[in-house]
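[1] quick check, what structure comes out for this input:
(3 chains)
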Amino acid sequence: MSLDTVKHAAETPDVEQPWKELGLKEDEYARIREILGRRPTGAELAMYSVMWSEHCSYKSSKVHLKQFGDKVPENDAMLVGIGENAGVVDVGQGYAVTFKVESHNHPSYIEPYQGAATGVGGIVRDILAMGARPVAVVDPLRFGAADHPDTKRVLPGVVAGIGGYGNCLGLPNIGGEVVFDACYQGNPLVNAGCIGVMKHEDIHLAKASGPGNKVVLYGARTGGDGIGGVSVLASETFESTGPAKRPAVQVGDPFQEKLLIECTLEIFKEKLVAGIQDLGGAGLSCATSELASAGSGGMRVELDTVPLRDSSLSPEEILMSESQERMCAVVEPQHIERFMEICEKWDVIATVIGEVTEGSQLEIFWHGEQIVDVPPRTVAHEGPVYHRPFARPSWQDALQADDAGKLARPRSGDELKDQVLRLVGSPNQASKAWITDQYDRFVQGNTVLAMPEDAGMVRIDEESNLGVAMATDGNGRYAKLDPYTGAQLALAEAYRNVAASGAKPLAISDCLNFGSPEDPDVMWQFAEATRGLADGCLQLGTPVTGGNVSLYNQTGETAIHPTPVVAVLGVIDDVNRRTPIAFANEGQLLYLLGDTREEFGGSAWSQVVHDHLGGLPPQVDLDREKLLGEILISGSRDGMIDAAHDLSDGGLVQAVAESCLKGGNGARLVVPDGLDAFTFLFSESAGRAVVSVPRSEELRFTDMCGARGLPATRIGVVDGESIEVQGEFSLGLAELRSAHEATIPALLA
Amino acid sequence: MTARIGVVTFPGTLDDRDSLRAVRIAGAEPVPLWHRDKDLKQVDAVVLAGGFSYGDYLRAGAISRFSPVMETVIEQAKAGMPVLGICNGFQILTESHLLPGAMLRNNHLHFICREQKLRVENAETAWTADYEAGQEIQVPLKNMDGRYVADERTLDELEAEGRVAFRYLDLNPNGSLRDIAGITNAAGNVVGLMPHPEHAVEPLIGTGRTDGLGFFTSILKKLVNA
Amino acid sequence: MARVVVDVMLKPEILDPQGQAVQRALPRLGFEGIGDVRQGKRFELEVEGPVDEAALARIHEMAETFLANTVIEDFTVKVEEQSK
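    The predicted structure follows:
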């Protein structure tokens, strides 16, 4: 086949083009022709198709995501907002932190190990591209039913992939979640988050400016990995594609990525780059068009200079390739020599593939012939925008009317105890140590808190002990019952988890996992969830710094539960003041903070005991969350609490069980006046935490809560070798431990 | 005066900064060393840190073992310079034949990261003098290829000469023969182990224990008193 | 160009959990009658120039010092194809 040059395209307007096969709609193809004033070349068509895919263009979600930029709370910490590779917040002492959560859902279903591994690699490069040293990763994961055979295929592969890649990079894995629900069968959610740290002056942005500056591609050679992966894998359900269209899986090389990280950090240190972009989905198409679009516009690329792993690749394929472990930098000519030296030191291949030009066109050449001539903004930033129809689903009212309050409750102490054991041993509530022990949480020597703590925490300055914390949360069951409230509950829980660790919540990132946007039910869920999140962030004062949307998580007509996952980042001035979850000190007093109501809709209890999902999720009171957060942070800073655990799915008894097992101590609990034992133990009312208070601090602590208006109820004491609920039951720690710890290995090992 | 302790960075080394920090916390002077340099910058001892040098491709430690820096390390170790190999560093030491045996994939085939209890069996090496023989310590363990193997004759010899320096307690995390977590050469200057003492040197970080600091104070005392 | 293949296998006395895991999976997948599985590594070397005795001796040395760790592994060297 001869080369489809710009000249040739202009001369042959009537050539049939495979726009449909590349995932473009008819009007989108027409618009490309209108923009260019001719038909696109094959290379241009490839670029537009991949950049205008749902995954890259956010064409269905954009109109809703706009709220995150419109409803920005007053927050001095924000340094770089939405739109860059990742947002950046000020954490004090001259440090800035960048963080983001992304999805790698569909690739991880097809090839669990490589899908999950390259998900880690991608998010780490995003963070690196901001100028930051990556310091920790987190992995919120969701799988089908724990006992489903496919879960046994997908989960071990995903976990091994995250470990195999992340461990080899030397990034501590400090948090995340593992959730099982039949709704994720065939559509596992593999989200990956990364935190990076830099000094304010080191922030780098993805833009190509300064005509004459060189465009350098460095890292791995380009091969046939995941060609078309972005548009095909991320934009259509598997059923509609079929195996023939399934593109090659991308394979990650964590060793190469480690070298890329060290090499890039050294390049940053010497201030050798004017702009930088990682290569992820859509590869060079994305990197060149985004860099050019965000800069002055003009860029010329000699595509045949790209180092290849497979010499038979066509120019279109090189533009589409998603080979991993590559970065693209814009470098002033006088810095090129030093840039190349550093790459050589780290055994990283680097090649000048083009330069920034005076004009406003992105021009790409293949052995001297022009194959791309486009305004880069039309590729990268001015893609299609859809106002998809949405409507409250016809079934929503019936679902909400199916109140969990009417479910049969335990009638005796023995029955309560039995249900407690079932709860803490259920796959969602059981210990995930079998999974998290496959991740290195110690590397870099700065980990203060890691799973199963409420939030992960790392020290970022050894002199001052400044640290950052992160928690990720999301509850698809709540969001299914009410997406607006469900999204706010995810936000509230992550916020609460960060505060419970002693850190002050600053900002959030989100990963919005939903079904098909072409379904008005799903689109309504999406609209409601984003509205809830934006309103919630405004109220809590925590801006959205960036994130990711994953749509089409569905099989046939059945979508996953709407699953907004929220990552909250917090800062702590002195990590010595961090609060762990463990009840480590016998004799300390246990206080329940917040109000407990009869709230069981979407609860873990309703799922484990009754396999029920209906009613309304717990109420949200974000002002209360804020107050609770302040109390937890003050209590930690002033030494009034030695342990804290947020209350969420599974309620009080789940939190107490985890804290007792971690600390190796039991607890004697008394049901407070006005509550029945069942509601006390299993309710999932939001805005609550349990804390362990030294006796000497009791008065000071209760005075503080009283003065600030936060209900604090003394519920017992850390003591003995069992959890005893007075007048109801006593449950030995050994029995509790085996129920809690045996489940996951039995299912998966 | 203090001692200069070098920490080698190979491509893919991960715990080099942690080891440098541990050296510093113990009170010695940390010196970064680079795999391409034969020059050891007049250090008095060398730490080969953990990680996945060369991605653990071929075999863990197999490619690093042929780096320029290792030429000098091997030569000096044979002449008595103290060398500590942690995790990947231990793998490099066995690949270099400075220590006997080899490391294979964990018997359960998973990466494992846990707080591991060990018994210090030999408190007379250059790196363990600050411990008591029989002392139990707890430090992080994290590896994929941590299963120590050697032929029976070698194992018997190690036992007979007191060269099993550390043994796993409570749980053998990787299937290592005779629960061996670490060994020493006959002279006691070259020590290798899979667990990570450098991750247990500060009260708040990692395990929240400082059981690993003794490795670095041991060597410092030995060098300063020499 | 000629291709020389070096096969590296764990010594028979060394436990091979990867091979065992494969063997255990076989009956589940309907493959009966396999008594043992051991997993090894295969290196394909594209040799420039003739594969004469001297070249083979070099490859032997390479296998012994680098490709295999003879503490735990055995290796074999064979010439696979020799084209003009």
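
[2] could you look up the SS state of the most centrally placed residue in chain C?
    Centrality entry for chain C: nearest residue to the mean C-alpha point is C:Asp7, 1.5 Å, by CA atoms, centre = their mean. Applying DSSP: H, G, I helix; E, B strand; the rest coil to C:Asp7 yields a three-state assignment of strand.

[3] got a list of contacts for the strand or helix carrying B:Leu158?
    Using DSSP states H and E, B:Leu158 sits in helix B:152-160. The contact list for helix B:152-160, computed with CB atoms under 8 Å, 6 or more residues apart in numbering or on different chains, reads B:100-101, B:150, B:163-164, B:177-178, B:180, B:183. Using the backbone N, CA and C atoms, a C-beta is placed for each residue, glycine as well.

[4] check the offset of that helix from the chain's centre.
    The chain centroid and the centroid of helix B:152-160 are separated by 20 Å, computed with CA atoms, centre = their mean, to the nearest Å.

[5] so which bits of it are buried?
    Using 16 or more other CB atoms under 10 Å in any protein chain shown as the test for burial, helix B:152-160 gives B:154-155, B:158.

[6] moving along the chain from the worst-scoring helix or strand of chain A on mean pLDDT, name the first helix or strand you hit.
    In chain A, the helix or strand scored least confidently by mean pLDDT, DSSP states H and E is helix A:238-241, which has a mean of 39. The helix or strand immediately downstream of helix A:238-241 is helix A:254-269, counting by DSSP H and E.

[7] and that next one, what's buried?
    A:254-268.

[8] now the lowest-mean-pLDDT helix or strand in chain C - C-alpha only, PDB.
    One helix or strand of chain C scores below all others by mean pLDDT, DSSP H and E: helix C:17-28, with a mean of 83. Written as PDB, here are the backbone C-alpha positions of helix C:17-28 (Å, rounded to 0.1, in the frame of the first residue of the first chain):
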ATOM      1  CA  PRO C  17       7.100 -24.900  42.600                       C
ATOM      2  CA  GLN C  18       6.300 -23.300  39.300                       C
ATOM      3  CA  GLY C  19       6.400 -26.700  37.500                       C
ATOM      4  CA  GLN C  20       4.400 -28.200  40.300                       C
ATOM      5  CA  ALA C  21       1.700 -25.500  40.000                       C
ATOM      6  CA  VAL C  22       1.500 -26.300  36.300                       C
ATOM      7  CA  GLN C  23       1.200 -30.000  37.000                       C
ATOM      8  CA  ARG C  24      -1.500 -29.500  39.500                       C
ATOM      9  CA  ALA C  25      -3.500 -27.400  37.000                       C
ATOM     10  CA  LEU C  26      -3.400 -30.000  34.200                       C
ATOM     11  CA  PRO C  27      -6.000 -32.400  35.500                       C
ATOM     12  CA  ARG C  28      -8.400 -29.500  36.200                       C
END
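
[9] what's the span of stretch A:474-493 from first residue to last?
    8 Å (CA to CA, to the nearest Å).

[10] now it: mean pLDDT?
    The pLDDT scores in stretch A:474-493 average 98.

[11] give me the distance from that stretch to the chain's centre.
    The answer for stretch A:474-493 is 15 Å, by CA atoms, centre = their mean.

[12] what residues are up against the residue nearest to C:Gln18 when sequence neighbours are not counted?
    Distances taken as CB to CB, 6 or more residues apart in numbering or on different chains place C:Gln39 nearest to C:Gln18, at 4.7 Å, with adjacent residues excluded. By CB under 8 Å, 6+ apart, the contact set of C:Gln39 is C:10, C:16, C:18-19, C:22.

[13] which one of those is nearest to chain A?
    Taking CB to the nearest CB as the measure, chain A sits nearest to C:Gln18 out of the contacts of C:Gln39, at 13.0 Å.

[14] ok, how many other residues are close to the residue in chain C that chain A sits nearest to?
    Residue nearest to chain A within chain C: C:Arg28 (10.9 Å; CB to the nearest CB). The tally of other residues near C:Arg28 (other CB atoms under 10 Å in any protein chain shown) stands at 7.

[15] list, one by one, the residues from chain B near chain C.
    Residues of chain B found near chain C (CB under 8 Å from any CB of the partner chain) are B:58-59, B:62, B:66, B:94-95, B:100-102, B:104-109, B:147, B:149-151, B:175.

[16] so where does the closest residue to A:Met51 other than its chain neighbours fall, helix or strand?
    Spatial nearest neighbour of A:Met51, excluding adjacent residues (CB to CB, 6+ apart): A:Val379 at 4.9 Å. Counting by DSSP H and E, the element that carries A:Val379 is helix A:376-380.

[17] contacts for that helix, please.
    With CB under 8 Å, 6+ apart as the criterion, helix A:376-380 contacts A:35, A:47-48, A:51, A:285-286, A:288-290, A:292-294, A:297, A:299, A:361-362.

[18] nearest to chain B: which residue in the stretch 251-400 of chain A?
    For the stretch 251-400 of chain A, CB to the nearest CB, closest residue to chain B: A:Phe255, 2.9 Å.

[19] and that residue, what does it touch?
    Applying CB under 8 Å, 6+ apart, the residues contacting A:Phe255 are A:168, B:11-12, B:52, B:54-55, B:57.

[20] let's see that with 10 Å instead.
    Contact analysis of A:Phe255 by CB atoms under 10 Å, 6 or more residues apart in numbering or on different chains lists A:165, A:168-169, A:325, A:347, B:11-12, B:51-57.

[21] those helices in chain B, which residues are they?
    Ranges of helices in chain B, per DSSP state H, are B:16-26, B:68-78, B:88-95, B:152-160, B:213-225.

[22] out of these, which one sits most buried?
    Per residue and on average, the most neighbours among the helices of chain B fall to helix B:88-95, with a mean of 29 (mean count of other CB atoms under 10 Å in any protein chain shown).

[23] need the helices of chain B in a markdown table (columns: mean pLDDT).
    Listed next are the helices of chain B as a markdown table, based on pLDDT from 0 to 100:
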| stretch | mean pLDDT |
| --- | --- |
| helix B:16-26 | 96 |
| helix B:68-78 | 97 |
| helix B:88-95 | 96 |
| helix B:152-160 | 97 |
| helix B:213-225 | 95 |
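
[24] look up the pLDDT of B:Ala226 for me, please.
    We have a pLDDT of 74 for B:Ala226.

[25] next, count neighbours for it.
    By other CB under 10 Å, the residues close to B:Ala226 number 8.

[26] just A:Gly615 next, same as before
    By other CB under 10 Å, 22 other residues sit near A:Gly615.

[27] for C:Glu13, same thing?
    Using other CB under 10 Å: C:Glu13 sits among 9 other residues.

[28] looks like it contacts C:Ile72 (just checking).
    Yes. Between C:Glu13 and C:Ile72 there is a contact at 9.4 Å, judged by CB atoms under 10 Å.

[29] return every residue with contacts to both of these two.
    By CB under 10 Å, 6+ apart, the residues touching both C:Glu13 and C:Ile72 are B:149, B:151.

[30] quick one: pLDDT of the most centrally placed residue in chain A?
    In chain A, the C-alpha nearest the mean C-alpha coordinate belongs to A:Val101, at 2.7 Å (CA atoms, centre = their mean). pLDDT, A:Val101: 96.

[31] identify the bridge partners of it.
    A:Gly193 (DSSP bridges).

[32] any idea how far the residue lying closest to A:Gln185 once chain neighbours are set aside is from chain C?
    With sequence-adjacent residues excluded and distances taken as CB to CB, 6+ apart, A:Gln185 is closest to A:Gly144, at 3.1 Å. A:Gly144 sits 20 Å away from chain C, taking CB to the nearest CB, to the nearest Å as the criterion.

[33] do the same with A:Asp397
    Applying CB to the nearest CB, the value for A:Asp397 to chain C is 46 Å.
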